[in-house]
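Undergrad: what's the 3D shape of this:
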Amino acid sequence: MSAARPPDVTVRVLTTGEATQLEFTARRAGVVPVRATLLGGDALVRVRHELDSGLTRLKDELTSFSVEDKDLDRVFRTLHGLGRTLLFLLFGAQQAVLRQVQQFWNDALPLGMNPELPPPLVECVGSKDSFLPLEFLPLFRMFPGPTVETRADFAAACRTLVGFSCVVRRAMLPFPVPGGQALCTGPEGRVPARYLYYEHLDGAVEELDWFAGKASAHVDLEGPYPDGGEDAPGLAEQIFDPRLLLDGSLRQLPDQIQHFACHCYTRSEDALTAEIELSGGGRHSRTTLGDLGADLVALGTSRDLRDFDLPLVVMNACGSGRMRAPGAPSFPYLFLMNGNRGFVGTETEIPDDVAAAFSRALYEGFLIRRIPLGRALLDARRHLLHTLRNPLGLAYAAYADPALHVRPTPEERPHAAAHAQP
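TA: Residues are numbered from 1 along each chain as shown. You can find the predicted model right below:
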């Protein structure tokens, strides 16, 4: 098993009894680390609440699926303004600190905004209760700059935010990010995947149609779940043992991906009260993460030890007004505790049509073109930005090894070797 690629920049949240600090370190030689103290012990809590409010304002600015040219400057300034507000909550108006952080970022990643070069890898390390929404911070340029007049201007301006220029690997303590892993394929070169959804969401149905249609040559899909079957395994059973088919039998190769297109709810920052709501075939379930965790414990004590890797979980929280940013880390926390190899999800609920478009763009790169996960996620964000002028792809975060990829089949290996990077 190979080690994960070392990050170009690491940002750590360091909490002691006296203060909370952000520590910035760079792989580039000669760049001096920076350690900055946050304003008050609750700065990160206030940041996540402001992120929630700011994303709500941003979604209100987006009056349609795609942003019209006349609205580009207004949408960018709302997005960049959110990032600056987050920085203000972190550091206040301390000019010396803000200059030091921005100088570090540009010294560490001098070509970081260049879309023609491979994107830098940035690691953000923190616990569930002290997590930093790094992707939204305009660290390359904290001043918004000139008026955005064209689509090219819009894309270039958005690259001042970390999440549109860098691959970001989130590491949630105390759970390590597994490195050197790959998704396996079955005999026909298809990736086993499971689809769990809320059938009354148009976007969820659209995603299912894509999996069953264009992606069917690349994905061995189980689901959708629920499907109305009386004897299908429950949600916890499918998460615990991804070999389980809905008819109760086992498939030889476990799910490599479990994809949720459903409602998610967070009412507080208590991870156990967050909920997943599924619906299909006349069956409906709304389950708290606390109940799921309890069921996973019971299954773990009554079943054989698992000797296979658990799937990557992708959670597309669709709908409106249900999931708030302060509680969003509850979902990766559950699946990383379960031992899943990674989690991709949103900071807040995403409009149905945007969620479906992002999902297609992500899987086009990751499953069909076989691009590593980190780059596929960044490309999906940029795809929405370039084709729709929609910046909401920034709300997707990855708690997984960015090098995670689909292992080539024997037939594909000569082709893969011929195109490998030197």
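
Undergrad: any chance you could map the strands in the stretch 201-350 of the chain?
TA: For the stretch 201-350 of the chain, the strands defined by DSSP state E, counting those that start in this stretch occupy 219-225, 257-265, 275-280, 283-288, 310-317, 340-346.

Undergrad: Dump the ones you listed to a markdown table, plus mean neighbour count and distance to Leu72.
TA: In this view, the C-beta of every residue, glycine as well, is placed from N, C-alpha and C. Below are these laid out as a markdown table (neighbours: other CB atoms under 10 Å; distance: least, CB to CB, whole Å):
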| stretch | mean neighbour count | distance to Leu72 |
| --- | --- | --- |
| strand 219-225 | 22 | 35 |
| strand 257-265 | 25 | 29 |
| strand 275-280 | 20 | 35 |
| strand 283-288 | 15 | 39 |
| strand 310-317 | 24 | 26 |
| strand 340-346 | 24 | 23 |
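
Undergrad: For Val125, find the nearest of these.
TA: strand 340-346 (15.3 Å; CB to CB).

Undergrad: Packing partners of the closest one?
TA: strand 310-317, helix 330-338, helix 373-387, strand 396-400 (3 or more CB pairs under 8 Å, 6 or more residues apart in numbering; DSSP states H and E).

Undergrad: does Tyr333 really touch Met172, like I thought?
TA: Yes: using CB atoms under 8 Å, Tyr333 is in contact with Met172, at 6.6 Å.

Undergrad: any common contacting residues for these two?
TA: Both Tyr333 and Met172 are contacted by Lys128, under the criterion CB atoms under 8 Å, 6 or more residues apart in numbering.

Undergrad: Looking at the two, which has the bigger crowd around it?
TA: Higher neighbour count among Tyr333 and Met172: Tyr333, with 23 against 20, using other CB atoms under 10 Å.

Undergrad: Tell me who's in contact with the more buried one.
TA: By CB under 8 Å, 6+ apart, the neighbours of Tyr333 are 128, 172, 271, 289.

Undergrad: what helices or strands is the helix or strand where Asp60 lies leaning on?
TA: According to DSSP states H and E, Asp60 maps onto helix 43-61. In terms of contacts (3+ CB pairs under 8 Å, 6+ apart), helix 43-61 is packed against helix 72-91.

Undergrad: So which bits of the helix or strand following the helix it packs on are buried?
TA: Later in the chain than helix 72-91, the nearest helix or strand by DSSP H and E is helix 95-108. Neighbour counts over helix 95-108 (16 or more other CB atoms under 10 Å) mark 97-98, 100-102, 104-105, 108 as buried.

Undergrad: For the residues you listed, could you give me JSON lines that also reports pLDDT and distance to Glu230?
TA: Formatted as JSON lines, these follow (pLDDT from 0 to 100; distance: CB to CB, whole Å):
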{"residue": "Val97", "pLDDT": "94", "distance to Glu230": "60"}
{"residue": "Leu98", "pLDDT": "95", "distance to Glu230": "60"}
{"residue": "Gln100", "pLDDT": "96", "distance to Glu230": "62"}
{"residue": "Val101", "pLDDT": "96", "distance to Glu230": "57"}
{"residue": "Gln102", "pLDDT": "96", "distance to Glu230": "59"}
{"residue": "Phe104", "pLDDT": "97", "distance to Glu230": "59"}
{"residue": "Trp105", "pLDDT": "97", "distance to Glu230": "56"}
{"residue": "Ala108", "pLDDT": "97", "distance to Glu230": "57"}
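
Undergrad: Having no further points to raise, I will conclude here.
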